[in-house]
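*Asks:* Below: sequence and its predicted model.
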Amino acid sequence: MTARKRASAATTTATDTKPSPSQTQETTAQIDPPIAPPKKYLSFKFCIFFSIPYFYLLYQHSKIEQELKRSILINAALSVAGFFLTQRMIPVASRYVLKRGLFGFDINKKGTPQGTVKVPESLGIVVGIVFLVLAILFQYFNFTADSNWLVEYNAALASICFMILLGFVDDVLDVPWRVKLLLPSIAALPLLMAYAGHTTIIIPKPLVSYVGQEVLDLGWVYKLYMGLLAVFCTNSINIHAGLNGLEVGQTVVIASAILIHNLMQIGASSDPEYKQAHAFSIYLVQPLLATSLALLSYNWYPSSVFVGDTYTYFAGMTMAVVGILGHYSETLLIFFLPQVLNFLLSLPQLSGYVKCPRHRLPR
């Protein structure tokens, strides 16, 4: 949850006396100034830094088939278009959410002029919509009607779309945090029903003599683990927040690590099914990374917009989806190690043993 203070009902409720149009326009101009322009230098520096290992793995280090490489590059081109579209749409959406009273104040800047500026909230809805449009358009270039992966791909989009909706409802209605634990489990149902991968784990060699076998099939227990993983990833992004750019920044870092991991695994494997699983993960991670980078250019300190729970739920569910359907859900937890540590540190407050203020900020 972003360190913000939402506007009270008194500031957004209309009075009985209807102001004249000229007064309304004047008031709107005073209250809702345009947001600051994006920090393009930040996006440029990241692209330069990330493109070196990306193109090296894609063209030099890894032996990737031309057809698979073509699909990855088409997806990358769509993602670049999504970056510019997201960057263009955020200022437009900001005006609309400000008109509807969806704004907050950055309490980290309390006592400064920036602490009194109305910051538009729930701008994660823009990223989520652009992401879904890109993911749906990509089906035309990569999947056929009889593709084996099409069912899982659409199930992934259904879970992500469901999570975007629930996140936006949370931003508007301010759902209690206990209910938030249940929302991802509901959104993950299409994903778990469509999952057709393995449910086995490899037993470490020192434990083989005790278990009696090298590979253990967990069955429904493994699917339960995947459902809990979706709940954890979604809420861990939401919990590990509070500073400008932290929610989007950690998503960009994790998504970059996932993308590099997928490219390395594709190049190191000769199994076509294994390669397709990791390529499937790339098809969803690249649009997530591009759209999140566009949002980061507005959310970086000093933040011009707040991402809201819409984005944290969307980003967490998307990364859980790519880990599950990419068949590396165990490795995904390594990328979420800071979030795991933050969750363990937050357990006393989340369970009620230690009093937890709304934003956990020092006085």
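*Replies:* Noted; the coordinates are in hand. Numbers count the residues shown, from 1 in each chain.

*Asks:* Could you list the low-pLDDT ranges of the protein?
*Replies:* 1-34, 145-146, 356-363 (pLDDT under 70).

*Asks:* in it, which helix has the most residues?
*Replies:* Counting residues, the longest helix in the chain under DSSP state H turns out to be helix 66-99.

*Asks:* could you say what helices and strands the helix or strand following that one packs with?
*Replies:* Scanning forward in sequence from helix 66-99, with DSSP states H and E defining helices and strands, the next element found is strand 103-106. Under the contact definition 3 or more CB pairs under 8 Å, 6 or more residues apart in numbering; DSSP states H and E, strand 103-106 sits against strand 4-6, strand 119-120. No exception for glycine: its C-beta is placed from N, CA and C like everyone else's.

*Asks:* Each with direction, which strands does strand 103-106 pair with?
*Replies:* Strands that pair with strand 103-106, judged by DSSP bridges, come out as strand 4-6 (antiparallel), strand 119-120 (antiparallel).

*Asks:* now for the strand or helix carrying residue 185, which elements pack on it?
*Replies:* Element membership for residue 185 (DSSP H and E) is helix 183-187. In terms of contacts (3+ CB pairs under 8 Å, 6+ apart), helix 183-187 is packed against helix 150-173, helix 220-239, helix 308-325.

*Asks:* Could I get those helices in CSV, plus columns for distance to residue 278?
*Replies:* Supplementary listing: the helices and strands packed on helix 183-187 in CSV, determined by distance: least, CB to CB, whole Å:
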stretch, distance to residue 278
helix 150-173, 14
helix 220-239, 17
helix 308-325, 9
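
*Asks:* and those helices, which is most packed in?
*Replies:* helix 308-325 (a mean of 29; mean count of other CB atoms under 10 Å).

*Asks:* Tell me the buried residues in stretch 181-189?
*Replies:* Of the residues in stretch 181-189, those scored as buried under the neighbour-count criterion (16 or more other CB atoms under 10 Å) are 183, 184, 187, 188.

*Asks:* could I get those residues as TSV with distance to residue 232?
*Replies:* Putting the buried residues of stretch 181-189 into TSV (distance: CB to CB, whole Å) gives the following:
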residue	distance to residue 232
183	13
184	8
187	13
188	11
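
*Asks:* Residue 201 - that's part of a strand, no?
*Replies:* Yes: secondary structure of residue 201 (DSSP: H, G, I helix; E, B strand; the rest coil): part of a strand.

*Asks:* hmm, back to that, so how far is the longest helix of the chain off the chain centroid?
*Replies:* Mean-position distance between helix 66-99 and its chain equals 14 Å (CA atoms, centre = their mean, to the nearest Å).

*Asks:* same check, this time on stretch 272-292
*Replies:* 14 Å.

*Asks:* what do you get for stretch 343-355?
*Replies:* Averaged C-alpha coordinates place stretch 343-355 at 24 Å from its chain's average position (CA atoms, centre = their mean).

*Asks:* Would you mark the buried spots in it?
*Replies:* Using 16+ other CB under 10 Å as the burial criterion, the residues of stretch 343-355 that qualify are 343, 346.

*Asks:* repeat for stretch 139-151
*Replies:* The neighbour-count criterion (16+ other CB under 10 Å) identifies 142, 143, 149 as the buried residues of stretch 139-151.

*Asks:* do you know how far the last one is from residue 287?
*Replies:* Going back to what we said before, that points to residue 149. 16 Å (CB to CB, to the nearest Å).

*Asks:* Please apply the same query to residue 70.
*Replies:* Going from residue 70 to residue 287 by CB to CB gives 17 Å.

*Asks:* So for the two, which residue has more residues nearby?
*Replies:* Here residue 70 and residue 287 are set side by side on neighbour count (other CB atoms under 10 Å), and the busier one is residue 287, at 30 against 13.

*Asks:* who are the neighbours in contact with the residue nearest to the spatial centre of the chain?
*Replies:* With the centre of the chain defined as its mean C-alpha position, the nearest residue by CA atoms, centre = their mean is residue 315, 1.1 Å away. Residue 315 makes contacts with 124, 237, 247, 248, 251, 288, 292, as judged by CB atoms under 8 Å, 6 or more residues apart in numbering.

*Asks:* again, only this time at 6 Å
*Replies:* Shown here is residue 315, whose contacts under the criterion CB atoms under 6 Å, 6 or more residues apart in numbering are 237, 251.

*Asks:* same deal with residue 280?
*Replies:* Counting by CB under 6 Å, 6+ apart, the residues that residue 280 touches are 149, 325.

*Asks:* Relative to residue 171, how far out is it?
*Replies:* Using CB to CB, we find residue 280 at a distance of 30 Å from residue 171.

*Asks:* And for residue 91?
*Replies:* Distance, residue 91 to residue 171, by CB to CB: 19 Å.

*Asks:* neighbours of residue 176, just the number please.
*Replies:* Using other CB under 10 Å, residue 176 has 9 neighbouring residues.

*Asks:* Alright, calling it a day.
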